[in-house]
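> fold the following and give me the result.
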Amino acid sequence: MTIDALILVAALFVILGGSLLFTNALEHLGERIGLSQGVVGSVFAAVGTALPETAVPIVAVLTGRGEAGHEIGVGAILGAPLMLSTLAFFLLGAMALLRRGVRASVDPEPTGLRRDLRFFLLAFVLAVIALYVPPGLHWTRAAIGFGLVALYGVYLWRTLRASRSLVAAGHGTEADKPLAAARLGLPSGIVTTVLQLLVGLALIVAGARGFVVGITGLSEGFGLSPLFLALAIVPFATELPEKMNSLVWIARRRDTLAVGNVTGALVFQSTLLPALGVLLTPWQPRFDVRLAMGITLIAGAWLLLLTRAKRIPALALVLNGAAYAVYFVILLAHG
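From the prediction side, this is the model:
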């Protein structure tokens with residue numbers, strides 16, 4: 001195993017450790033504030049589990065080595081929504097089929113699910129439009145980038161505003177596990193919770209820097225595109241392991257938390273991170289970029305269509321996994 005591969009493995013463990021601390025603290029903070037399962041899933045858990053993908057492109061774009069840094073950043077920005085809208089939903093459906101049988105359905109709270117998917121699709125369409133804005137039109141690109149940031153602010157406001165009625169309707173939430181810092185003998189208060197948040201964030205940023213170094217080294221050693229490696233490796237290594245939370249929630253029939261963890265991350269990853277790409281990278285319509293964004297939009301539109309029924313058949317989510325496979329077949333065939 002090369003030194004770059006070892007750096008990747010070490011960085012992965014650091015990122016995941018930091019994410020676990022951060023997510024655990026967020027859940028306890030949500031419980032103290034008295035928010036709904038939808039808010040905890042779509043905002044708290046989603047943001048916590050999306051932080052590895054957030055840190056990687058930020059570090060890659062701001063500290064990466066020129067074009068390679070930009071390619072890793074763009075790959076990480078697009079890879080996470082692609083994987084979340086396809087493979088992550090396939091895994092949720094597969095777990096439901098395994099635990100509930102062939103006629104199983106996935107039944108999250110519907111209003112929050114539709115809200116998440118609509119915000120995601122709107123944001124991603126804006127990101128696609130930005131691909132075709134000439135680099136010289138700085139103000140137009142800036143307007144789209146800051147518009148994406150504002151869109152996430154509106155999403156947070158809408159989600160938090162809906163929380164009170166959902167809690168009153170019995171959709172309140174509780175943390176599954178004790179605060180990690182409390183196991184060290186620290187008091188499980190607000191100060192300790194915030195301290196654990198900061199420690200988790202520091203670990204994530206440090207691990208992300210190691211991840212960028214490892215990916216850059218491997219791409220140079222094997223002669224592969226950093227963009228391809230970032231699209232293929234970063235989501236698998238960071239986002240997918242964290243979505244194990246959703247699989248556990250599906251197994252426990254807590255579908256609102258499970259699905260919200262994925263769709264909330266989709267909104268987060270389709271607003272703030274593409275804004276970074278639009279503002280700080282060339283953000284050009286290369287074939288692999290257009291393919292990733294096209295498959296992501298198709299998968300998202302399919303999910304929104306499924307919400308028109310009272311229940312989402314678990315078998316229908318298998319098609320999302322097929323979309324992910326089609327993406328890589330086309331990409332490899334194109335060379």
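
> which residue ranges of the stretch 101-250 of the chain form helices?
In the stretch 101-250 of the chain, the segments counted as helices under DSSP state H, counting those that start in this stretch are 110-131, 138-161, 163-168, 190-222, 226-234, 240-242, 244-251.

> tell me the most buried of these?
helix 226-234 (a mean of 23; mean count of other Cβ atoms under 10 Å). Every C-beta, even on glycine, is put in place using the N, C-alpha and C of the backbone.

> just for the stretch 1-150 of the chain, where's the confidence low?
For the stretch 1-150 of the chain, applying pLDDT under 70 flags the ranges 1, 35-38, 40-41, 44-45, 48-49, 51-53, 63-69.

> CA atoms of stretch 314-332 as CSV?
Output of stretch 314-332 as CSV, limited to C-alpha atoms (Å, rounded to 0.1, in the frame of the first residue of the first chain):
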residue,chain,number,x,y,z
ALA,A,314,-39.4,0.1,-1.6
LEU,A,315,-39.0,-1.6,-4.9
ALA,A,316,-39.4,1.7,-6.7
LEU,A,317,-36.2,2.9,-5.0
VAL,A,318,-34.2,0.1,-6.7
LEU,A,319,-34.4,2.3,-9.9
ASN,A,320,-32.3,4.9,-8.1
GLY,A,321,-29.5,2.4,-7.7
ALA,A,322,-29.8,1.5,-11.4
ALA,A,323,-29.3,5.2,-12.3
TYR,A,324,-26.1,5.2,-10.3
ALA,A,325,-24.8,2.2,-12.2
VAL,A,326,-25.8,3.8,-15.6
TYR,A,327,-23.7,6.8,-14.7
PHE,A,328,-20.5,4.9,-14.3
VAL,A,329,-21.2,2.7,-17.3
ILE,A,330,-21.6,5.7,-19.5
LEU,A,331,-18.6,7.5,-18.0
LEU,A,332,-16.3,4.5,-18.4
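
> what residues sit buried inside it?
By 16 or more other Cβ atoms under 10 Å, the buried positions in stretch 314-332 come out as Ala314, Ala316, Leu317, Leu319, Asn320, Gly321, Ala323, Tyr324, Tyr327, Leu331.

> quick one: Leu97 is in a strand?
No: with DSSP: H, G, I helix; E, B strand; the rest coil as the criterion, Leu97 is located in helix rather than a strand.

> right, and it touches Ala314 too?
Yes: between Leu97 and Ala314 there is a contact at 4.8 Å, judged by Cβ atoms under 8 Å.

> what do these two both touch?
Ala104 (Cβ atoms under 8 Å, 6 or more residues apart in numbering).

> quick one on the thing from earlier: quick check: the farthest pair among the buried residues of stretch 314-332?
The distance between the two most remote of those (Cβ to Cβ) is 27.6 Å, for Ala314 and Leu331.

> related to what we said a few turns ago, so which of the buried residues of stretch 314-332 are in helices?
Among the buried residues of stretch 314-332, the residues falling in helices (DSSP state H) are Leu319, Asn320, Gly321, Ala323, Tyr324, Tyr327, Leu331.
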